[in-house]
Each structure stands twice: as structure tokens, then as C-alpha cells.
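# Quick one: sequence and predicted model below, then my questions.
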Amino acid sequence: MSPLWTSAEIAEATGGSVHGHFDAAGATFDSREVGPGDLFIAMKGEATDGHRFVAQAFAAGAAGALLSEEVDGPHVHVPDTTLALNNLAWASRDRCQGKVIGVTGSVGKTGTKEALYAALDRAAPGRAHRSVKSYNNHTGVPLSLVRMPRTTRFGIFEMGMNHAGELAALTRIVRPHVAIVTTIAPAHREFFASDEAIADAKGEIFQGLEPGGTAIIPFDSPHRDRLIAAARPSAANIVTFGLGEGADVRAAYVVRGPKGGSLVTAQLPDASLSFTLSPPGEHWVANALAVLAAVEAVGGDLAAAGLALADLGGLKGRGERHRLRVDGGEALLIDESYNANPASMAATLKVLGEEQVDGRRIAVLGAMRELGPDSDDFHRALAGRLEEAGVDYAILVGREMEALAKALGGQLKMAHVPDAASALPLARAAIGPGDALLVKGSNSIGLAALVEALAAGTD
């Protein structure tokens with residue numbers, strides 16, 4: 001098997017000098033993730049300097065390192081490792097002969113990326129590659145490109161942003177053949193004047209499209225026409241997806257599945273496909289339609305994609321489900337702890353409301369961060385969502401949730417606590433047999449620790 005990178009290739013791509021030849025089978029800039037045969041890229045950041053952990057990386061089995069300082073051990077020396085990472089990413093993209101897909105959006109981009117990977121890997125096992133975790137920023141995207149095997153047939157890359165201009169830079173590195181925008185919502189609203197400005201920033205993904213490329217756009221979005229206008233200068237093909245009549249890829253038929261997912265018949269321009277979608281919720285139906293649009297655009301196997309969508313499991317922090325043993329039986333824990341904004345809160349609360357339960361519906365909701373001056377209004381608006389979902393007990397976490405706590409008043413049983421540690425004993429005491437417990441909030445609130453503690457039965 002060919003190595004991912006040779007030291008000579010790394011030096012050629014980065015303009016560096018080789019000090020001890022080596023072959024790398026993987027790559028990382030986190031010394032805690034180094035495995036045997038990896039390339040360790042020593043990045044200098046505001047908080048720490050990766051050069052401090054070079055010895056640790058070699059002890060963990062690194063084959064070589066990419067460095068801007070002289071050290072013992074095989075390495076490629078460069079003046080600037082951040083620039084070198086980008087140059088190596090460019091080289092990876094240049095040598096790729098497969099089809100590349102970029103995914104962005106305020107909500108659903110990680111789930112869509114993972115579903116796309118499952119769909120394309122199903123038809124071409126071992127030939128699909130995607131960015132792991134949420135490596136979607138100015139360092140994560142280049143690293144994901146660097147990790148792409150040279151024989152990749154399909155590459156799927158998630159791209160995120162907090163400010164205007166960031167996606168324009170990332171998409172020109174990824175140079176996708178297909179660019180998807182999922183849902184536009186008031187995420188990171190603190191840094192944008194309006195939702196329209198967020199849509200414009202997401203629309204930057206189309207600027208990097210390869211000649212003949214395809215833009216995939218949410219038909220049901222109020223920003224549809226704005227996104228289409230952003231795509232026109234760069235896209236040879238524009239495909240819309242959604243539930244509404246008139247979408248190029250639409251759900252002609254949707255019914256709730258017996259195990260909580262959906263049975264879907266999708267109509268595409270030249271085909272129709274009936275399939276089972278494992279994750280529950282209307283938002284996942286929309287994600288699946290975007291996946292099918294992309295699979296068709298890159299010449300993938302739609303039937304294999306349908307099978308993959310039936311087998312999708314929940315992602316940690318993004319819909320993973322746990323069966324908890326409690327006194328008298330079992331309860332359901334729905335882990336949506338990774339992040340939250342008004343749109344994703346509404347979608348997951350709707351899923352909770354549709355859950356068939358023998359007991360109660362309980363929601364542990366953490367504050368939604370980076371919403372700017374309208375933060376209180378966005379939090380207050382969740383009161384109606386809780387009522388619609390039939391939530392019996394709400395545990396609200398974080399200072400920003402005070403607005404919701406006041407809006408609820410005595411409408412339903414609730415508690416408002418300052419942090420995740422304070423919420424844990426309340427959640428543990430509340431959950432009983434037949435209950436469904438949803439946990440969702442911005443990542444910085446730390447509700448992932450609460451989920452882990454409940455799932456493991458620890459304090």
C-alpha cells in the first residue's frame with residue numbers, strides 16, 4: 001500500500017528540507033492523537049506550541065514531523081508550519097482524481113457530511129474520505145485534505161465559519177465539484193447584522209466550485225433566491241432540495257417509521273427512490289434529500305445511498321441515543337449536546353414531541369451562545385417550542401436561559417441552574433421508567449459531560 005505522504009513529497013509541497021527520510025501513513029497536529037506511522041505537524045497557536053510535544057509524538061510512534069524548529073528525529077523543516085499545512089492541503093487536492101464535495105450550513109452540516117460519507121462508501125468501500133469530528137475551520141479543513149488518501153474516489157469536507165470571508169478562503173482550498181448549503185439559521189448571530197448576512201457568508205462556498213460544478217441549495221429556505229444568486233457566477237448546475245413542491249429533489253411521500261425514523265419516497269429529476277431513513281425528524285428528511293442530490297451529482301449509486309441512510313446511527317452529541325437503566329425499567333436519553341441555535345433547538349424539540357413515550361418528556365436545555373443583541377428574544381421563543389413538544393419538565397442551564405425561565409413562568413415544571421454540574425443531579429433525580437430525556441445546548445455549556453455521566457451512571 002502506498003504511503004499517505006513521503007518526506008520527499010512533503011518537502012516538495014511545502015518548500016521544506018528533509019532531515020531523515022520517512023513515509024507517513026496518517027497526519028495530525030494533536031499530539032494526543034498520534035498513532036504509529038503518523039506525520040505530526042507542530043502548529044504554533046495562541047495557547048500553545050506543538051513543538052513542545054514533538055518528543056511525545058515520536059514516543060507515540062510518529063514516523064516523522066513537520067516542524068519550524070530543529071529537533072532530533074526524522075522531519076521536514078519549514079519556516080512556518082501553518083503555511084506548510086495549507087500548502088500540503090493544496091498538494092493533496094491537486095493530486096486527487098476523485099470527486100470532491102463541500103458541505104456548509106448553520107444546521108445539519110456534520111450530519112449531512114457523515115450521511116454522505118456512508119452513502120458513497122457503501123458503493124465504493126474504502127474509496128470515500130471525509131473530515132472527521134467537526135474539523136471545519138482554517139486548520140481543520142486543511143488537515144482533513146492532508147489526510148485524504150491519494151486513491152480517494154469521493155472526498156467530503158465540512159466547512160464552517162464565524163465571520164464573513166472565512167468560507168471564501170476554505171472553499172478555494174477544497175475546490176469542490178459539488179457544494180451543499182444545508183439550513184441557514186441565526187447561528188453566530190453575534191458576528192452578523194442579519195440572517196441575510198449569514199446566508200451571504202454561507203453562499204461563499206460556491207466561489208470555489210470547479211468548472212462544471214454543482215450547487216445544492218435548500219428549496220424551502222427563505223434565503224433560497226439569495227443563495228441561487230450567489231451560486232450563479234460559479235455553478236454550471238443549480239439543484240434545489242426540500243419538501244416543497246417545485247424542489248428539484250423533493251420528498252414526494254414521508255411517513256413516520258415504526259422505529260422512529262421515516263419512510264421516504266424521493267423524487268429526483270430523472271429517478272425516484274423509496275428508502276428508510278433511520279434518524280428521526282423532518283430536518284433529517286431534508287438532510288437526506290441533500291445527500292441524494294449530491295450522490296447523483298457525483299455519479300454515485302442512489303440505491304446504495306438508500307441502504308446507507310437506513311443504517312445510519314446517531315452521532316455523538318448530534319442525536320445519539322442511549323437506553324438508560326433506571327429504577328423500575330428503562331428510559332431514553334437523546335444526546336444533542338454538541339451545539340445549539342434556534343433552528344436546531346426547534347427541530348430537536350419537535351423530535352422529542354413526536355417520541356412515543358410511556359412516561360414523561362424531559363428537556364435539559366443549555367444556553368444558545370453567540371446570538372448577539374437578540375439573544376433574549378431567541379431564548380424566550382423556545383417557550384412555545386416546549387409547549388408544542390409536550391415537555392413535562394425543563395431543566396434550563398446557563399445565564400442566557402433566564403429569559404426563557406421568565407417566559408415560562410408557571411406554565412410547566414422547570415428549574416434554572418447556572419451550569420451543567422448543577423443540572424446533573426436534577427436530571428438524574430427526574431428521569432424514570434418510560435421517560436425520554438433530551439439534552440441540548442451550545443458546546444461551551446458543557447452538557448456533553450452530563451450525557452456521559454448519565455450514560456455511565458456516574459457522578
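Looks like it came in fine.
# In the stretch 51-200 of the chain, where is pLDDT below threshold?
Residue ranges of the stretch 51-200 of the chain with pLDDT under 70: 188.
# Now do the buried residues in stretch 202-222.
202-210, 213-219, 221 (16 or more other Cβ atoms under 10 Å). The C-beta positions use only the backbone N, C-alpha and C, and glycine is treated the same way.
# Give the rounded mean pLDDT of it.
For stretch 202-222, the mean pLDDT works out to 97.
# Contact partners for the nearest residue to G165 once chain neighbours are set aside?
Distances taken as Cβ to Cβ, 6 or more residues apart in numbering put E204 closest to G165, at 7.3 Å, once the chain neighbours are dropped. By Cβ atoms under 8 Å, 6 or more residues apart in numbering, the contact list for E204 reads 161, 164-168, 171, 230.
# Strands along the stretch 201-350 of the chain, start to end?
Here the stretch 201-350 of the chain has its strands, by DSSP state E, counting those that start in this stretch, at 214-218, 237-242, 249-256, 262-268, 271-277, 320-326, 329-336.
# How far off centre is the fourth one?
Between the centre of strand 262-268 and the centre of its host chain there is 23 Å, according to Cα atoms, centre = their mean, to the nearest Å.
# What of the fifth one?
Counting by Cα atoms, centre = their mean, strand 271-277 is centred 24 Å from the centre of its parent chain.
# avg pLDDT for it?
95.
# Contacts made by that strand with the rest, please.
By Cβ under 8 Å, 6+ apart, strand 271-277 touches 252-253, 257, 261-266, 284-285, 288, 292, 296, 302-303, 305-307, 309-310, 312.
# what lines up beside that strand in the sheet?
strand 262-268 (antiparallel) (DSSP bridges).
# For the strand it pairs with, list every residue counted as buried.
Buried residues in strand 262-268 (16+ other Cβ under 10 Å): 262, 264, 266-268.
# so which pair among those residues is furthest apart in space?
Farthest pair in the buried residues of strand 262-268 (Cβ to Cβ) is S262 and L268. Separation: 17.2 Å.
# ok, now which ones touch R232?
Applying Cβ under 8 Å, 6+ apart, the residues near R232 are I238.
# where does G160 land in three-state SS?
Put simply, G160 is coil when judged by DSSP: H, G, I helix; E, B strand; the rest coil.
# Could you find the closest non-adjacent residue to it?
N136 (3.8 Å).
# got it, and E370?
E190 (4.3 Å).
# Then the one you found would be within a helix, right?
Yes: according to three-state DSSP, E190 belongs to a helix.
# what's the distance between it and S375?
8 Å (Cβ to Cβ, to the nearest Å).
# more crowded one of those two?
More crowded of E190 and S375, by other Cβ atoms under 10 Å: S375, with 18 against 14.
# Looks to me like L438 is in a helix.
No: going by three-state DSSP, the assignment for L438 is strand, not a helix.
# Would you mind measuring from it to A394?
In terms of Cβ to Cβ, L438 sits 10 Å off from A394.
# what is in contact with the two at once?
362-365.
# got TSV for those residues, with distance to P149 and pLDDT too?
Below are these laid out as TSV (distance: Cβ to Cβ, whole Å; pLDDT from 0 to 100):
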residue	distance to P149	pLDDT
I362	44	97
A363	42	97
V364	40	97
L365	41	97
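# Could I get the strands of the stretch 201-350 of the chain in JSON lines, plus columns for distance to R130?
Listed next are these as JSON lines, based on distance: least, Cβ to Cβ, whole Å:
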{"stretch": "strand 214-218", "distance to R130": "16"}
{"stretch": "strand 237-242", "distance to R130": "20"}
{"stretch": "strand 249-256", "distance to R130": "21"}
{"stretch": "strand 262-268", "distance to R130": "22"}
{"stretch": "strand 271-277", "distance to R130": "19"}
{"stretch": "strand 320-326", "distance to R130": "18"}
{"stretch": "strand 329-336", "distance to R130": "21"}
